[in-house]
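Visitor: show me how the following folds:
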Amino acid sequence: MIPNAVVYAGLAGTLLSLVVATATNHWQPRVFFLLALRLAIGWHFFFEGMHKIHSHAVGPTETNRPFSSEPYFKASQTDVGAMMRKEFDDPAAVIAARVKAPRESVPAGFDKRPAEEQAADCPKAVADEIDAVPGDAALKTAAKATYARWVFGVDGRPAKVKFVTGDVSLTAPQRLAHLDWLRNEVKAADARRDVHIGNGNGVEMKRAAELRTELVTAESDLAKDANAFVKELVTQVNGGKPVEEPKSAKNGERLDTFTMWFIAGVGGCLLAGLLTRLSCVLAAGFLFVTYLTFPAYPWLPQPPNTEGNPLFVNKNVIEALALLALACFPTGRWLGLDAIIYRVVFRKEDPPSVT
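Guide: Numbering: from 1, shown residues only. Here you go, the predicted model:
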């Protein structure tokens with residue numbers, strides 16, 4: 001991440017440049033406020049993008065979750081959200097194939113059965129993956145039995161629980177029960193929202209959005225944990241050597257990579273005054289897509305942590321309009337690299353008139 005000293009120096013330099021550019025243009029208020037607006041939006045975009053990039057550089061920890069747009073799109077109830085969800089893996093399919101037990105069984109009774117019988121009840125998708133690895137048959141039986149014991153609720157596995165520090169040992173049925181509880185809570189919150197309970201301050205609307213995001217995150221985490229468990233068992237069967245997997249970035253991962261670098265790049269261009277008008281239009285387009293994913297319609301839930309109770313117009317709309325307004329003025333030639341490009345291309349040294 002950028003050191004604080006560099007950030008403070010950049011902020012001081014930006015403010016100084018703003019004052020100099022305003023003085024150069026005869027201290028006109030419109031110059032000052034248009035440039036200040038451009039620099040503020042550029043600062044917002046740039047450091048938002050850098051934060052997302054930094055989260056991937058650090059990796060997953062107890063206090064850091066790498067940026068992913070998957071929960072955002074999966075909590076959306078619009079056509080844009082449905083279209084973008086197709087770019088990510090479906091956790092529900094992974095849960096159905098790898099986490100749900102093929103039949104009902106009492107954990108205490110399942111625990112008393114021989115390892116061979118426990119292995120026979122391992123979900124087929126997992127059993128097939130383990131059997132495909134070269135290795136001792138006894139190791140494969142033990143691996144399948146170990147996985148089945150988790151699926152049938154005998155043994156727990158470390159899991160992250162909201163508001164709890166560290167990992168909690170949970171079985172697959174316990175985590176599935178938590179998902180069912182979240183789904184019921186989402187339905188109840190939606191029902192309260194639909195009858196306008198709490199509409200005065202948007203409490204129910206925000207609660208429904210938070211629960212929906214929590215459900216999406218819990219489903220995604222369970223699918224990832226199941227895949228990680230299978231990979232761990234396959235490695236054990238293979239003599240401790242990880243099985244090579246084809247390295248192919250999913251469309252959702254490519255989208256996340258593009259998004260965080262796009263935000264940082266556009267923000268940097270706005271700060272530097274490089275291709276300023278184009279950058280304003282591109283940034284406004286990004287905000288427009290973001291709005292279409294979670295429009296501020298009273299009949300749709302808002303994303304979690306939404307401030308206030310927006311009705312049709314939210315901060316994305318306001319910032320997009322501000323960017324389009326900036327695109328109507330040559331602010332990059334008042335302060336920025338566009339002035340150099342303008343002089344080189346058009347052979348003119350005088351800045352554009354703002355009177």
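Visitor: did I read that right, residue 252 in a strand?
Guide: No - judged by DSSP: H, G, I helix; E, B strand; the rest coil, residue 252 forms no part of a strand; its state is helix.
Visitor: how does the protein divide into domains?
Guide: Using automatic domain parsing, the domain ranges for the chain come out as 4-64+252-346, 90-249.
Visitor: nearest to residue 75, out of those?
Guide: When the domains of the chain are compared by C-beta to C-beta, domain 90-249 sits nearest residue 75, at 4.7 Å. For the C-beta atoms, the positions are set from N, CA and C on the backbone; glycine is no exception.
Visitor: how far out from the middle of the chain is the closest one?
Guide: Its chain's average C-alpha position is 21 Å from that of domain 90-249, according to C-alpha atoms, centre = their mean, to the nearest Å.
Visitor: so for that domain, what's the average pLDDT?
Guide: Per-residue pLDDT values over domain 90-249 give a mean of 84.
Visitor: okay, the domains of the chain in JSON lines with distance to residue 76 next?
Guide: Listed next are the domains of the chain as JSON lines, based on distance: least, C-beta to C-beta, whole Å:
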{"stretch": "domain 4-64+252-346", "distance to residue 76": "5"}
{"stretch": "domain 90-249", "distance to residue 76": "9"}
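Visitor: distance to residue 75 and mean neighbour count for the ones you listed - can I get that in CSV?
Guide: Putting the domains of the chain into CSV (distance: least, C-beta to C-beta, whole Å; neighbours: other C-beta atoms under 10 Å) gives the following:
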stretch, distance to residue 75, mean neighbour count
domain 4-64+252-346, 7, 17
domain 90-249, 5, 16
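Visitor: and residue 80, which of these is closest to it?
Guide: Closest of the domains of the chain to residue 80 is domain 4-64+252-346, at 4.6 Å (criterion: C-beta to C-beta).
Visitor: and that closest one, how far out from the chain's middle?
Guide: The chain centroid and the centroid of domain 4-64+252-346 are separated by 19 Å under C-alpha atoms, centre = their mean.
Visitor: thinking again about what came up before, quick one: closest of the domains of the chain to residue 83.
Guide: domain 4-64+252-346 (9.6 Å).
Visitor: quick check: end-to-end length of the closest one?
Guide: This stretch, domain 4-64+252-346, spans 39 Å end to end (C-alpha to C-alpha, to the nearest Å).
Visitor: now do the contacts for residue 321.
Guide: With contact set as C-beta atoms under 8 Å, 6 or more residues apart in numbering, residue 321 has these partners: residue 284.
Visitor: ugh, typo on my part, it should be residue 237
Guide: Residues in contact with residue 237 (C-beta under 8 Å, 6+ apart) are 130, 133, 135-136, 139-140, 143.
Visitor: and if you look at residue 14?
Guide: Residues in contact with residue 14 (C-beta under 8 Å, 6+ apart) are 39, 43, 271.
Visitor: how much space is there between the residue lying closest to residue 135 once chain neighbours are set aside and residue 143?
Guide: Leaving aside its sequence neighbours, residue 135 sits nearest to residue 237 (C-beta to C-beta, 6 or more residues apart in numbering; 4.2 Å). Separation of residue 237 from residue 143 (C-beta to C-beta, to the nearest Å): 5 Å.
Visitor: shared neighbours of these two, which are they?
Guide: Here residue 237 and residue 143 have residue 130 as joint contacts, going by C-beta under 8 Å, 6+ apart.
Visitor: re the thing from before, looking at the domains of the chain, spot the one closest to residue 78.
Guide: Of these, nearest to residue 78 by C-beta to C-beta is domain 4-64+252-346, at 6.1 Å.
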